[in-house]
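Novice: Got a predicted model here, sequence first, then my questions.
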Amino acid sequence: MGHSEIVLQPMGQGKRPQITVLYGSQTGTAADVAERVSREAWRRHFPVKVCSMDDYAIDSLIHESYVVCVAATTGQGEEPDNMKRFWKFLLRRNLPRDSLSGVQFAVFGLGDSSYPKFNYVAKKLQKRLEQLGGTVLLGLGLADDQHEMGIDGALDPWLEKLWTNVLVRAPIPPGLEIIPSTQLAAPKLRLKILDASAADVCMPNASDSTNESDSEQVGVPTQARPFMAPVVFNRRVTSSDHFQDVRHIRFDIRSSGIVYSAGDVVNLLPSNAPDAVAELLTILNVSGDTGIEVEAPSDADVPAYFMHHGGRRARTLRDVLTHYLDIAAVPRRYFFEVLAHFATVPREAERLQELSSAAGQDDLLSYCHRVKRTSIEALRDFPSLHGGAIDVAYLFDLFRPLQARAFSISSSQAVDANYIDVTAAIVNYNTRMATPRVGVCTSWMSRLLPGPAGPGAPLWVTRGTFKLPPCDVPLIMIGPGTGCAPFIACLHERIAQQKDSTNASLNVYVFGNRNKDGDFLHQDVVEAWEQQNKLTLITAFSRDQPHKIYVQHRMREHGALLASLLVDRHAVCLVAGYVVPLLRVGPVSGIVVPPAPDSVGSRARAAVSTHPSGALSVVMVTGRCRVSCRNSKRMPVDVREALCDVITTHSPVLHADGYVRELERTRRLQFETW
């Protein structure tokens, strides 16, 4: 939202303790959860304050009665940007151990069990609040993005217990009852709908959407102020008859001030497809030229999107639906709860209420989540909502803001400082729905036009968490599928630094995919390096022979080389790969094993984050969906097993599993999956 604080007052009379909801959110999901907590508190007649942790006056914390913290974990166990100051304050050593003795608190974490540091931030926060004397109102809640119901799988039962505990301590006053969901709360963002002919509508244009002139450009591009990068080229790099469309896209970053290193990620902010926007405008029965103006007491309450695109002046509705709201996402429960108030046919209203109820979550799972039904597709099923029945003021409650997607950079400024390259698979897969599912960001990327004809792409760069060893230390890179992207950048950078060196063992690159002729990504440049004796190339193409060959098979075949690097030269191994978002079965040394294969659906993030390695050899393993392992769902497990086999065969004096576990304990072997 970008607001500093939202305060909801109870409808009943009498003094009620305030519930303060604080969130640390990187992509907006934790903020969504915080707003849901605030709505449920309002329905129970509590005054409630909601704000990000860094916007909260932390010296007020000791005076609070009830505090609910919603904390996301980002990257390698890092706190979100709008939580950093708050967390730094809590870590002060001079804080008394009884600082929060009068505070009752509950913490809910948002994480992804495919990452080793699952919900690490929420766990740290829970422990620290207890250390400072806070009273636990409810045990730590941990949402897992891998759950087939997403965060609601953990959030729903946790909230039910939360309100049970709260109401034991602060019962609803006599004569009042919980406000039913049939009574719609006010929209979270106050909007003024303007007629375009009478309004000073801030129309989008090239300078308005991103870049300023060089004299006005302030600092390096950030999420709040991205750089509009022209597209140099947008090429398909898989064969035309291959099932998957993989793109190599180059962006021109001259005049941006961007500096990056191998392993860093570029964040791309997509736009919705024009046909989806047009269909939603038809359903709303509103002209796309309608102006929207934000009504707020201060600029701090205005979403950053508006402040950086004309301030509080109106945006056209088409512009907001195209560039700001995620209208193609799988809808949340609250989407159906809000829509139930606008349905004019009782049967449709009942159906919407059912989908938004706790009892209807199995139905919602089948209706939306399993088939990846989009919000617009859901709206098609409720005709009484068409023709202007939906109040446009609730658009910001129905749809979350569009989020940027992060991709590994596959180029190096050591070669050319003017460009950023991305290698990305265009997400397109089938469910039971009539039309294929597509990724919002990658489908937008596939439509990007190079040169003056294209609008360019809003982007900014964030640091990766892996650190390359010195160029005279061997580097082993295992990158199946589009997992090759960061290693192409690494190779560009290292080979440029190594200059005239022809020691191929300094760079060992293991690549896997289906077919050499169909999806050998970056084949030309990699084979040229091999011919120049700049690297040792090991490939695994699973469908080019009767029996399938995957990267773990090639690892065993070249075990002597890998063992030498791991054991004799103290390599650090970093493992990452795609894990299907299904119900968790259980961890195996930090790797999540899914119960069964599923459709190809791929996360938008193509970036690979790894850990500092210092002056040691490094193995970095990364991957995406449909990569060349036994199947992409088992790739991290298979690679770990291959490492154990390599150690057993070529270093028999070592206990392989114990050695690999020690590598994990000392962070010389780390896994990252997505």
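Specialist: Yep, that arrived. Numbers count the residues shown, from 1 in each chain.

Novice: hey, let's count contacts and neighbours off CA atoms from now on
Specialist: Will do.

Novice: can you give me the helices in the stretch 101-250 of the chain?
Specialist: Secondary structure of the stretch 101-250 of the chain by DSSP state H, counting those that start in this stretch: the helices cover 120-131, 152-169, 206-209.

Novice: oh sorry, the question was meant for the stretch 351-500 of the chain
Specialist: Under DSSP H, counting those that start in this stretch, the stretch 351-500 of the chain gives helices at 361-364, 375-380, 395-398, 440-447, 485-498.

Novice: Tell me which other helices or strands the longest one touches.
Specialist: Using 3 or more Cα pairs under 8 Å, 6 or more residues apart in numbering; DSSP states H and E as the contact definition, helix 485-498 packs against no other helix or strand.

Novice: Give me the contact list for it.
Specialist: The contact list for helix 485-498 (Cα atoms under 8 Å, 6 or more residues apart in numbering) reads 262-264, 408-415, 422-423, 468, 471-472, 477, 479, 507, 522, 534, 607-608.

Novice: hmm, 7 Å instead?
Specialist: With Cα atoms under 7 Å, 6 or more residues apart in numbering as the test, helix 485-498 has contacts from 262-263, 408-412, 414-415, 423, 471, 477, 534, 608.

Novice: Ok, stretch 241-254 next?
Specialist: Outside stretch 241-254, the residues that reach it (Cα under 7 Å, 6+ apart) are 229-238, 418-426, 518.

Novice: Inside strands: which ones of those?
Specialist: 229, 231-236, 419-425 (DSSP state E).

Novice: Turn those residues into JSON lines, including pLDDT and neighbour count.
Specialist: Shown next, in JSON lines, are the ones in strands among the contacts of stretch 241-254 (pLDDT from 0 to 100; neighbours: other Cα atoms under 10 Å):
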{"residue": "229", "pLDDT": "96", "neighbour count": "23"}
{"residue": "231", "pLDDT": "97", "neighbour count": "24"}
{"residue": "232", "pLDDT": "97", "neighbour count": "19"}
{"residue": "233", "pLDDT": "96", "neighbour count": "17"}
{"residue": "234", "pLDDT": "96", "neighbour count": "19"}
{"residue": "235", "pLDDT": "96", "neighbour count": "15"}
{"residue": "236", "pLDDT": "96", "neighbour count": "18"}
{"residue": "419", "pLDDT": "97", "neighbour count": "19"}
{"residue": "420", "pLDDT": "98", "neighbour count": "27"}
{"residue": "421", "pLDDT": "98", "neighbour count": "24"}
{"residue": "422", "pLDDT": "95", "neighbour count": "24"}
{"residue": "423", "pLDDT": "93", "neighbour count": "29"}
{"residue": "424", "pLDDT": "91", "neighbour count": "29"}
{"residue": "425", "pLDDT": "91", "neighbour count": "26"}
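
Novice: Which stretches in the stretch 251-400 of the chain count as strands?
Specialist: 265-268, 291-294, 315-316 (DSSP state E, counting those that start in this stretch).

Novice: what are the pairing partners of the last one, and which direction each?
Specialist: The reference is to strand 315-316. Note on strand 315-316: by DSSP bridges, its sheet partners are strand 291-294 (antiparallel).

Novice: all strands for the stretch 451-600 of the chain, in order.
Specialist: Ranges of strands within the stretch 451-600 of the chain are 457-462, 475-478, 507-513, 536-541, 572-577, 587-588, 591-592, based on DSSP E, counting those that start in this stretch.

Novice: Rebuild those strands as CSV, extending it with distance to residue 288 and mean pLDDT.
Specialist: Formatted as CSV, those follow (distance: least, Cα to Cα, whole Å; pLDDT from 0 to 100):
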stretch, distance to residue 288, mean pLDDT
strand 457-462, 22, 94
strand 475-478, 48, 86
strand 507-513, 44, 90
strand 536-541, 49, 95
strand 572-577, 41, 65
strand 587-588, 49, 30
strand 591-592, 45, 32
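
Novice: so which of those strands comes closest to residue 359?
Specialist: Closest approach to residue 359 among the strands of the stretch 451-600 of the chain is made by strand 591-592 (29.1 Å; Cα to Cα).

Novice: Only whichever of the contacts of helix 485-498 are buried, select them in PyMOL.
Specialist: Buried residues within the contacts of helix 485-498, by 16 or more other Cα atoms under 10 Å, are selected in PyMOL with:
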select buried, resi 262+263+408+409+410+411+412+414+423+471+477+534+608
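
Novice: Check the burial of residue 295 by counting its neighbours.
Specialist: Around residue 295 there are 15 other residues, counting by other Cα atoms under 10 Å.

Novice: And it, how close does it get to residue 192?
Specialist: According to Cα to Cα, to the nearest Å, residue 295 and residue 192 sit 7 Å apart.

Novice: One more: residue 346?
Specialist: To residue 192, residue 346 is 29 Å away according to Cα to Cα.

Novice: Which one of those two is surrounded by more residues?
Specialist: Neighbours per residue, other Cα under 10 Å: of residue 346 and residue 192, the larger number sits with residue 192, 14 against 11.

Novice: okay, the nearest residue in space to that one that is not next to it in sequence: pLDDT?
Specialist: Spatial nearest neighbour of residue 192, excluding adjacent residues (Cα to Cα, 6 or more residues apart in numbering): residue 293 at 5.0 Å. We have a pLDDT of 80 for residue 293.

Novice: now residue 396
Specialist: 87.

Novice: can you check the one 5 residues further on too?
Specialist: Per-residue confidence (pLDDT) for residue 401: 86.

Novice: swap in residue 319?
Specialist: The per-residue pLDDT reported for residue 319 equals 89.

Novice: count of neighbours near it?
Specialist: Residues within reach of residue 319, counting by other Cα under 10 Å, total 20.

Novice: and it, how far is that from residue 335?
Specialist: When Cα to Cα is the yardstick, residue 319 and residue 335 sit 21 Å from each other.

Novice: Return the distance of residue 88 relative to residue 126.
Specialist: Remark: distance between residue 88 and residue 126 (Cα to Cα) = 15 Å.

Novice: Please identify which of the two sits among more neighbours.
Specialist: Remark: of residue 88 and residue 126, residue 126 carries more neighbours, 21 against 9, as counted by other Cα under 10 Å.

Novice: how close does that one get to residue 343?
Specialist: Taking Cα to Cα, one finds residue 126 at 42 Å from residue 343.

Novice: List the contacts of the nearest residue to residue 222 once chain neighbours are set aside.
Specialist: Closest residue to residue 222 apart from its sequence neighbours, by Cα to Cα, 6+ apart: residue 460 at 5.4 Å. For residue 460, the contact set (Cα under 7 Å, 6+ apart) comprises 221-223, 226-227, 266-267.

Novice: Next: residue 541.
Specialist: Counting by Cα under 7 Å, 6+ apart, residue 541 makes contact with 512-516, 549-550, 628.

Novice: just residue 230 next, same as before
Specialist: Neighbouring residues of residue 230 by Cα under 7 Å, 6+ apart: 251-252, 451, 456-457.

Novice: ok, residue 650 touching residue 563?
Specialist: Yes - using Cα atoms under 7 Å, residue 650 is in contact with residue 563, at 6.3 Å.

Novice: of the two, who's got more company?
Specialist: When neighbours are counted by other Cα under 10 Å, residue 650 and residue 563 differ, and residue 563 comes out ahead with 24 against 16.

Novice: any idea how far that one lies from residue 19?
Specialist: 57 Å.

Novice: Look up how far residue 372 lies from residue 430.
Specialist: Distance, residue 430 to residue 372, by Cα to Cα: 10 Å.

Novice: now residue 634
Specialist: Separation of residue 634 from residue 372 (Cα to Cα) stands at 23 Å.

Novice: between the contacts of residue 541, which is nearest residue 356?
Specialist: The closest of the contacts of residue 541, once distances to residue 356 are taken by Cα to Cα, is residue 628, at 40.2 Å.

Novice: And for the lengthiest strand in the chain, what's in contact with it?
Specialist: Counting residues, the longest strand found in the chain (DSSP E) is strand 135-144. Outside strand 135-144, the residues within contact range by Cα under 7 Å, 6+ apart are 101, 103-113, 119, 126, 150-151, 154-155, 158, 162, 165.
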